[in-house]
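J.: following is a predicted model, sequence given first.
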Amino acid sequence: MTTVLAIGTRKGLWLATSSAGRTGWEVTGPHHAMNDVYAVAFDTRRDRPRLLAGITSEHYGPSVAFSDDLGATWQEPDHAPIAFPEDTGAALARVWQFAPGPASTPEVVYAGVEPSAVFKSTDGGQTYELVRGLWDHPHRPQWHPGFGGMAVHTILPHPTDEARVLVAMSTGGVYATDDGGEHWRARNVGVQAYRNPDRYPEFGQCVHKVARHPDHPERFFLQNHHGVYRSDDGAESWQSIADGLPTDFGFAMVAHPHRPDVIYNFPIQADERRYPPDGRCAVYRSEDAGKSWDALTAGLPEVFWSGVLRDAMCVDDDDPAGVYFGTRSGSVYASRDEGDHWQPVAEQLPDVLCVRAVVV
């Protein structure tokens, strides 16, 4: 088997490949040189995995490219694959997230974008249409940009029910639909809105990332702008699981592909100090759904004043699972034993925005 790690940065996309038990890596790139790559995804529902990349050029603007041969060749439409209808008065700034739909809808791919919206593709991610139910939501006038922008950065389709999708945004919070996107309801009960006079409003939370385990679709884990939470009732309510972490601030939240109680987090200081406490590089893992946390540091640098962004951590679906993260200082690390030990994959890359892995 071969593991492929896609690394999106501010200056293009790099691909790291390992066919030796994830002990050594060959890195190629940049693909889409000098473009921001905020979003990548592997769609494994087809015979050959499709690699999707959201690319943003300073000269030509945002677009979507895809490859059906793991990056050897790329296709990019000669028209804008994602574009807001004229009546919205909006223009696409960038793509923040791709999410393939459930296996029952093999051509459906969702895209989360800035400004906050969801688009849906029914041709495998080549063309997209705006999901009007979320765009026309009455809460929209009260959504505001976070420090990184105003975007839908998380999309979690239900693994077996194509009508159910959960999204998260800065700074609107978590919303979900049970009818295929026609209606959306805020699901933020228990999540605080930092610096808001009402600490627990219906919406307005600055959610940084949400993760869902594929075999337990009613369980979610959430990293907020201050606050780490778990929901066991389909995001109807949330409970804090921040005890045991050195700080409740961060961006990344990742669920283990096989073990529903295992999650990964990378805490950093806030708000003025966007680096780990004491300059210590540590991934935190919980093996009991957030009741307790352990720092994983073997093989990681002892001095570290960088950070990890919301989509710059991921897992593969191998057994044991591989865990990966990229840093704002251009280093990428991998663990082939679920986080117990780490090794460098690449160094001195541009600012890492996202990473995604596939085993083929």
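T.: Now that the structure is in, tell me what you want to look at.
J.: where do the helices sit along the stretch 201-350 of the chain?
T.: Counting by DSSP state H, counting those that start in this stretch, the stretch 201-350 of the chain has no helices to list.
J.: actually, the stretch 51-200 of the chain.
T.: 132-135.
J.: just the strands from it, written as ranges.
T.: Secondary structure of the stretch 51-200 of the chain (DSSP state E, counting those that start in this stretch): strands at 61-67, 94-100, 109-114, 117-121, 129-130, 151-157, 165-170, 173-177, 185-186.
J.: deepest in the core, which of those strands is it.
T.: strand 165-170 (a mean of 27; mean count of other C-beta atoms under 10 Å). Yep, even glycine has a C-beta here, placed from its N, CA and C like the rest.
J.: given that one, what are its sheet partners and their directions?
T.: strand 151-157 (antiparallel), strand 173-177 (antiparallel) (DSSP bridges).
J.: closest one to residue 32 among those?
T.: Across the strands paired with strand 165-170, residue 32 has its closest neighbour in strand 151-157 (19.7 Å, C-beta to C-beta).
J.: pLDDT weak spots in the protein?
T.: The model of the chain has no residue with pLDDT under 70.
J.: between the strands paired with strand 165-170, which one is closest to residue 313.
T.: Nearest of the strands paired with strand 165-170 (C-beta to C-beta): strand 151-157, 13.1 Å.
J.: quick one: the closest one to strand 109-114, angle?
T.: Taking axes from the mean of the first three to the mean of the last three C-alpha atoms, to 10 degrees, one finds strand 151-157 and strand 109-114 inclined to each other by 160 degrees.
J.: ok and strand 151-157 relative to strand 94-100, angle-wise?
T.: Going by the same axes, to 10 degrees, strand 151-157 makes 0 degrees with strand 94-100.
J.: burial measure for the closest residue to residue 235 other than its chain neighbours, as a count.
T.: Nearest residue to residue 235 in three dimensions, chain neighbours excluded: residue 187, at 4.1 Å (C-beta to C-beta, 6 or more residues apart in numbering). Neighbours of residue 187 under the rule other C-beta atoms under 10 Å: 24.
J.: and residue 187, how far from residue 225?
T.: 17 Å (C-beta to C-beta, to the nearest Å).
J.: what do you get for residue 253?
T.: Distance from residue 253 to residue 225, by C-beta to C-beta: 13 Å.
J.: between those two, which contacts overlap?
T.: Counting by C-beta atoms under 8 Å, 6 or more residues apart in numbering, the shared contacts of residue 253 and residue 225 are residue 208.
J.: relative to residue 334, which of the strands paired with strand 165-170 is closest?
T.: Nearest of these (C-beta to C-beta): strand 151-157, 23.0 Å.
J.: okay, the angle between the closest one and strand 117-121?
T.: 50 degrees.
J.: how about the CA coordinates for strand 151-157, as PDB?
T.: The C-alpha coordinates for strand 151-157 follow below in PDB (Å, rounded to 0.1, in the frame of the first residue of the first chain):
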ATOM      1  CA  ALA A 151     -16.200  31.300   6.000                       C
ATOM      2  CA  VAL A 152     -17.800  27.900   6.200                       C
ATOM      3  CA  HIS A 153     -14.700  26.000   7.100                       C
ATOM      4  CA  THR A 154     -16.200  22.700   8.200                       C
ATOM      5  CA  ILE A 155     -18.700  20.400   6.400                       C
ATOM      6  CA  LEU A 156     -19.600  17.000   7.800                       C
ATOM      7  CA  PRO A 157     -22.100  15.000   5.700                       C
END
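J.: which helix or strand contains residue 34?
T.: In the assignment (DSSP states H and E), residue 34 maps to no helix and no strand.
J.: ok, it touching residue 12?
T.: Yes: the criterion here is C-beta atoms under 8 Å, and residue 34 meets it with residue 12 at 6.3 Å.
J.: for the most centrally placed residue in the chain, what are its contacts?
T.: Centroid-nearest residue in the chain, with C-alpha atoms, centre = their mean: residue 311, separated by 3.7 Å. Residues near residue 311 by C-beta under 8 Å, 6+ apart: 8, 38-39, 96-97, 153, 209, 252, 353-355.
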